[in-house]
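Generate coordinates for the sequence data below:
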Amino acid sequence: MGGSKIGPMRALFALAKSAKAVKDTRHVLRLLPMQPAQACLDVTEHVTLCGQVGDQGFALWIGRHAGKLGLGLQFLRQTAARVEMIVSGPPDLLDAMALACSLGPQEVWVDQVDRYRTNDPLGCENASPFA
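Now for the predicted structure:
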């Protein structure tokens, strides 16, 4: 192994650790850009977060973490009790994002994370609506 490439499990632990370290910018997650061949392996999921998730800063927090993981993100709606979004990327990184959202920042409390795929994980032609 060499360089700055971080595996999915390391990314998961780094993201979980940074989710608990409020306002701590020492944890910087760096991922190499996806290679074109990997783009066909991307999946798209509809994610719903339920709980006390109405804080407006939560959407910014989610966007920041999705960007760190190199995921595509589109918010559908946010209420005091629910956040719905579409997230696209490699399955391992979608798992990392779901874990990070379940931990969330201190201002929110996530009771439940519901996820379902909205496309065929092997279908390159529909791999991501964000491409």
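
in this protein, which spans are strands?
43-52, 72-78, 82-89, 109-117 (DSSP state E).

from the ones you listed, which stretch is densest packed?
Mean neighbour count, computed with mean count of other C-beta atoms under 10 Å, is highest for strand 82-89 among these, reaching a mean of 21. Every residue, glycine included, has its C-beta placed from N, CA and C.

before we move on, the earlier item: and residue 65, which of the strands of the chain is closest to it?
For residue 65, the closest of the strands of the chain is strand 72-78, at 9.3 Å, according to C-beta to C-beta.

Would you mind putting the strands of the chain into JSON lines with mean pLDDT alongside?
Shown next, in JSON lines, are those (pLDDT from 0 to 100):
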{"stretch": "strand 43-52", "mean pLDDT": "95"}
{"stretch": "strand 72-78", "mean pLDDT": "94"}
{"stretch": "strand 82-89", "mean pLDDT": "95"}
{"stretch": "strand 109-117", "mean pLDDT": "95"}
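
Nearest to residue 98, out of the ones you listed?
It's strand 109-117; of the strands of the chain, that one is closest to residue 98 (C-beta to C-beta) at 5.3 Å.
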